[in-house]
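# Need a 3D model of the sequence below.
(2 chains)
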Amino acid sequence: MNEEKTKIKSLKDYAEDVYKCTKCGLCQSVCPIYKSTGLETTVSRGKFTLLNGIINGKLKFNKKIAKNLELCLGCKACYDFCPSGISAEEIIAAARNESLKTNKMGFIKGFILDNFRSNFRLSLLKIFLDIYKFFFLSRHCEELATKQSKNVSWFFGLLRFARNDINILLNTMTLFNSQLREHIKYRKLKPVKPQSELNIVYFPGCINNYVNPSVKNAVLIVLEKNCFRVNIPKNFTCCGIAARSSGDFKGFSELAENNINQIPDDVDYIITDCASCGSVWEFYPDFVQGKLKEKAKLLAKKTININKFLAEREIYFPENIEINKKITYHDPCHLKRFQNVFEEPRKILKQIQGIEFEEMKDADVCCGAAGTFCVSQPQISKAISSEKAQNILDTGADIVCTSCAGCKIGLSQGLIEKNSTIPIYHPVELLAELYLKDEK
Amino acid sequence: MSEFSSNINDKIINSFKSILGNQNVLTDYEDRYCYAYDATAIGETLYLPDAVVLPENKEQICQIVKIANKNNIPIVPRAAGTNLVGGCIPLKGGIVMHLSKMNKILNIDRNNLICIVQPGVVVGNLQQEVSDLGLFYPPDPASLKVSTIGGSIAQSSGGPRGFKYGTTKDYVLGLEVVLADGTLLKTGGTTVKNVTGYNLTQLFVGSEGTLGIVVETTLKLISKPEEQQVMLAYFESINQAAEAITGIISAKITPATLDIMDKNTMVTIENFHHVGLPTNMEAVLVLEVDGFKESVAVQTQQIIDICNKFGAKNIRVSQNQQEADELWFAFGAVARLRPNVLTEDAVVPRDKIPEFITKTREIFDRYNLTVCIMGHAGDGNIHPNVSLDLRNKEESENFEKAAEELFDTAIELGGSLSGEHGIGMLKSGFMRKALDENSIKYMKEIKKLFDPKNILNPGKIFHE
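Residues are numbered from 1 along each chain as shown, chains lettered A, B, ... in the order given. Predicted coordinates for the structure are as follows:
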């Protein structure tokens, strides 16, 4: 294989893509950040102009440009809309990578990314979270959720020097509260038919492993009930999505290498439940070298989102058990636009007896969380989440479903702002609930 | 910040900040760099503004313009920046006024069939809002998903529906305009009939931001047609397609849209989007009829008969609007051929369309340029879309020459420089070809009367 192809693409490699932006401005119509700021600098057309300036040597990376680069959700909405077919998400990740060489990452963002790089640190985080859960995850969490900003900032006002950072951290913590509630506890259920021969690896991702195992429990229940044997290799790390979109390509490559190495060669499917964790397998081949690259290419084809896996099969729906709820569904960017999965979760939900499905307005517009974006740009992030929450509330739904751990943050952030306690479920959690009731 | 190209200085910037708030005044180099362009392919020349301001109400605009006028600072209004003739480019530096924060629909009056909107309202959003109420705002520039009412008024833009429903100019009933001296002028009113002195409203429509800044407008709405039907008719020659167009119009049928695409356009669309267009045909007519259900059925049949009579090879009747929308979206593929695309705009009398299309192709072929021709055949408006790489000097010079020949041809055939994009900076040099001395003289007098210091979008429309 030639040398060029094994290298990770840098901004220069995208020079022609950046140049061919015709500046038609259509990206303005779909960019959630432009909608919230109204600034030309925040939309892809503006960013391409800046990047073209950098490539031509008319501009240099600096703090201001680093900040502009930060203002992209990576939601890929503009890609679908771009007459020239330019992938802003990919180019901006490469530009961020380059920008990091001159402008260091923010402290909090760096801290978060560092945690995801090491399972040991995530385990420490888990202990911390478990303690947190024990003390705060009860009535307190509701109080905190609604009154957080006032009370907490008063208390931490004593620590003035780090007040902003602590506020941001606390805000993130509060959001976790709604993430931490465990809808589904694991139970071994009776399979409905003989065991399938498929060799399935389930990639649960770090939210499942370290924050809240509810979706993981549900995936296991649902797959086992439907007679699929599930293998979870021990040494998976974080999928690396946040590292890649922040431009930390080195970190991402390391995580990619590790995860690829954990997968046995004879695997039939790698199942993911989280949209982000699923989409990275498509990126992995570009970030690893040699033999691993070939393996990564094969694995990318075998990676499948749980919604799609289930929707393509005759799965078990118990008779006489209903979930009498009105449900709406939010499309994660990394599922709809990166993996082309959007009909499948709806198909599953509509098959559950008793469910009334109501489509929300702009179901596929980004929730505003976008990985570390909600931490680094809390104001814009909240504005976007808040609009999403309004669209959810307008449906009158009892439950909102989505298939991404990140989106759960965005949705809860918005719903908290609107003082709503609508629970957020993954479609498989509802299926698992159905199965659990069935075997009571 | 020392290299200001206009009379702007730190004191003036500070006064802007106190009027608008710090966050609505941009002066960083990188920010200004993103306001040096619009959708016009102008190559690498950089026209940097000295400041970008984002007003939130008309009072703020009055104050800003007053200061700009007093200090002789150019001011260029801009909203979505989708202009194709360089209308939003700050040729002389100064201030770019971005109206993205004035994007509210203030009122939709169902009894009087009007609406009152701010200039930053996106055309597509307005259409959706009024459509939900059973009403219709017909002007449909291709960029309507982003382009705004303010921009539509500035360029008097139109689109495919121009043939039956007219263009922006036919829907503007009244305006509030901030003049160069910072005072507010109200024109027209809220009624469809209104003959009270000079029609100042229409003077501002299409004035490209050179006479004043539109800060509010009252628009006419109509009832939404009950049904729509889209048809595609394929022909083996441009002449047959043109004969069919004449046939349809002389049969007293008025389709909502009557557009034509040439072979190159179809091939390009198919290459990138695979929407099922035949690539061996010379022309396709894209027609839409609307109205009451019964009338749509009758018109559809009549059109099918006429197209068949004039030799249509195939006619596709589409089930829904979506198919037409997809086709228009797919049309964007011309942007994928080469790095840059220049969408030209010329207008000729309807019966000259076949001749104009043939000559256009001949001109661009002669200059070795790739061109995809589409046009609103119903109103004689033709858009040659030229794909090229402006970094290639020869290509870019060839384009300039070809464009001039294109306009000469349009004028020879009894047409003019622009149907719906306007003049801006790109065509100002050709104005004398299209207009007589007296027209230009009086236009310049009008400009002088409204903007004696030439601060409003200087360098546009008139060649300096």
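# Residues of the stretch 151-300 of chain B that sit close to chain A?
Within the stretch 151-300 of chain B, the positions adjacent to chain A are residue B:272 by Cβ under 8 Å from any Cβ of the partner chain. Every C-beta, even on glycine, is put in place using the N, C-alpha and C of the backbone.
# Show me the shaky parts of the stretch 201-350 of chain A.
Scanning the stretch 201-350 of chain A for pLDDT under 70 picks out nothing.
# would you say residue A:327 is within a helix?
No: counting by DSSP: H, G, I helix; E, B strand; the rest coil, one finds residue A:327 to be strand, located in no helix.
# ok, how many other residues are close to it?
Using other Cβ atoms under 10 Å in any protein chain shown, residue A:327 has 22 neighbouring residues.
# what's the answer for residue A:404, then?
30.
# okay, it: pLDDT?
pLDDT for residue A:404: 95.
# try residue B:320
Looking at residue B:320, the pLDDT reads 70.
# What of residue A:148?
The model's pLDDT for residue A:148 equals 48.
# ok, what's across the strand from residue B:290?
Beta-bridge pairing of residue B:290 under DSSP bridges involves residue B:228.
# Which residues are in contact with it?
B:225, B:226, B:227, B:228, B:229, B:256, B:296 (Cβ atoms under 8 Å, 6 or more residues apart in numbering or on different chains).
# pLDDT and neighbour count for those residues - can I get that in TSV?
Shown next, in TSV, are the contacts of residue B:290 (pLDDT from 0 to 100; neighbours: other Cβ atoms under 10 Å in any protein chain shown):
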residue	pLDDT	neighbour count
B:225	95	19
B:226	93	13
B:227	92	14
B:228	90	17
B:229	92	23
B:256	94	23
B:296	94	18
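# And those residues, which is closest to residue B:150?
Nearest to residue B:150 among the contacts of residue B:290: residue B:256, at 25.0 Å, using Cβ to Cβ.
# In chain A, what residue comes closest to chain B?
residue A:83 (2.9 Å; Cβ to the nearest Cβ).
# From residue B:450, how far out is the residue nearest to that residue when sequence neighbours are not counted?
Closest residue in space to residue A:83, ignoring its immediate chain neighbours: residue B:332 at 2.9 Å, by Cβ to Cβ, 6 or more residues apart in numbering or on different chains. For residue B:332, the distance to residue B:450 (Cβ to Cβ, to the nearest Å) stands at 37 Å.
# quick one, which of these two is more surrounded?
residue B:332 (22 against 19).
# what's the neighbour count on residue 191?
Just so you know, I chose chain A. The burial count for residue A:191: 16, using other Cβ under 10 Å.
# Actually, chain B is the one I wanted.
The number of residues near residue B:191, taken as other Cβ under 10 Å, comes to 13.
# got it, and the one 3 residues further on?
Around residue B:194 there are 14 other residues, counting by other Cβ under 10 Å.
# show me the contacts for it.
B:173, B:188.
# Next, it: secondary structure please.
Classified using three-state DSSP, residue B:194 is coil.
# ok, now residue B:11?
Recorded secondary structure, residue B:11: helix (three-state DSSP).
# how close does it sit to chain A?
Residue B:11 sits at a distance of 23 Å from chain A (criterion: Cβ to the nearest Cβ, to the nearest Å).
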